[in-house]
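Asks: how would this look folded up:
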Amino acid sequence: MIKGAYGVLLTPFTSEGKVDYNAYEKELDFVLKSDVTGFFACGTTGEFVSLSPRENMEILEFTAKHLGGKKKLLAGVSDPNPQTTVKYMKHAANLGYDAAMVCPPYYFTMGQEDLIRYYEYIAAEDICDIVLYKIPMFTNNIELGTFEKLLNEKRIVGMKDSGQNIKQIAHEADLITKYRPDFSLLCGTDDSLVPSLLAGCVGSVTAFSVIVPEVNAKIYALFNQGKIAEAMELNRKALPLLRLADSLMFPSGYKLVYEERGLPVGHCQITDIEKIENIRPWVKEELAKLLSNV
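Replies: Numbers count the residues shown, from 1 in each chain. Alright, predicted model coming up:
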């Protein structure tokens, strides 16, 4: 069962827009020292949509080489084309990833029955365990009725819910309790980490578990000790920093916070450098406040 804190790895870029593997190795060395359970390569914060298929596969290889056997690993294998998703899944399985995370197809609008067919198709390939990736701000949505039907697919073992809707998470957790107690519901947003755990999530897959892993590790430690109020208070103290990160084009704000940790990761997209520099002092201040609690 997938549970605990997982971090979404950021992809560093050179000034020429190429993957910076020297910076990425430093990132992996940094997170390896943390108490976070595992990591998610080629996710949304990892900008997988800005990478070629070859680059995505190379990042999966590089990550497995450095973290495999030391941390749990989830592979981002999302693509609107199901054949490409299957190709990624086979690659991830060969590299020893614990599961493959697949968001719904994006760009083309799909009905829920079409979405079910998509997931049934990749599950039937019987390559590896699959984690659904619900992120409706960027893809077709996984509605509650669709989620209930997909619980019947035994190869689908979990879902990362980045829908930012605690009500939906509560209903998803209820369906899991009734039909698939072995299924892992995972929070996808740092902002609502503790509320999501209280609602029934057994873990999380978020950016701050890479950027400030010691904070999320402490939140989990407090939560597991039954110190819910303290865990909630620490979660709340991360909110100002999260608001600053979200004030920039995604994921530039998260990269800015990481840069203030001494780990520059570059940009692939055209970014608002002036705005970045304007909020940098506030990011530095809020980061220091947050880290002072651990």
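
Asks: roughly how far out does stretch 250-270 sit from the chain middle?
Replies: When distances are taken as Cα atoms, centre = their mean, to the nearest Å, stretch 250-270 is centred 16 Å away from the chain's centroid.

Asks: Kindly report the same for stretch 184-200.
Replies: The mean C-alpha position of stretch 184-200 is separated from the chain mean by 12 Å, Cα atoms, centre = their mean.

Asks: just so I have it, where are all the strands in this protein?
Replies: With DSSP state E, the ranges of strands along the chain come out as 4-8, 38-41, 72-76, 99-102, 130-134, 156-161, 184-187, 203-206.

Asks: want to throw the ones you listed into JSON lines with mean neighbour count and mean pLDDT?
Replies: Backbone N, C-alpha and C define where each C-beta goes, glycine included. Formatted as JSON lines, those follow (neighbours: other Cβ atoms under 10 Å; pLDDT from 0 to 100):
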{"stretch": "strand 4-8", "mean neighbour count": "27", "mean pLDDT": "98"}
{"stretch": "strand 38-41", "mean neighbour count": "27", "mean pLDDT": "98"}
{"stretch": "strand 72-76", "mean neighbour count": "26", "mean pLDDT": "98"}
{"stretch": "strand 99-102", "mean neighbour count": "26", "mean pLDDT": "98"}
{"stretch": "strand 130-134", "mean neighbour count": "26", "mean pLDDT": "98"}
{"stretch": "strand 156-161", "mean neighbour count": "26", "mean pLDDT": "98"}
{"stretch": "strand 184-187", "mean neighbour count": "26", "mean pLDDT": "98"}
{"stretch": "strand 203-206", "mean neighbour count": "28", "mean pLDDT": "98"}
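
Asks: quick one, helices of the stretch 51-200 of the chain?
Replies: Taking DSSP state H, counting those that start in this stretch, the helices of the stretch 51-200 of the chain run over residues 53-67, 82-95, 112-124, 144-150, 166-179, 193-199.

Asks: okay, and for the stretch 101-250 of the chain, where does confidence drop off?
Replies: Residues of the stretch 101-250 of the chain meeting the criterion pLDDT under 70: none.

Asks: still on that earlier bit, relative to residue 272, which of the helices of the stretch 51-200 of the chain is closest?
Replies: Relative to residue 272, the nearest member of these by Cβ to Cβ is helix 53-67, separated by 24.7 Å.

Asks: Packed most tightly, which of the helices of the stretch 51-200 of the chain would that be?
Replies: Each of these was scored by mean neighbour count; the highest is helix 193-199, a mean of 22, by mean count of other Cβ atoms under 10 Å.

Asks: list the helices and strands it packs on?
Replies: Under the contact criterion of 3 or more Cβ pairs under 8 Å, 6 or more residues apart in numbering; DSSP states H and E, helix 193-199 touches helix 166-179, strand 184-187, strand 203-206, helix 213-224, helix 228-237.

Asks: Out of these, the one nearest residue 45 is which?
Replies: strand 203-206 (8.5 Å).
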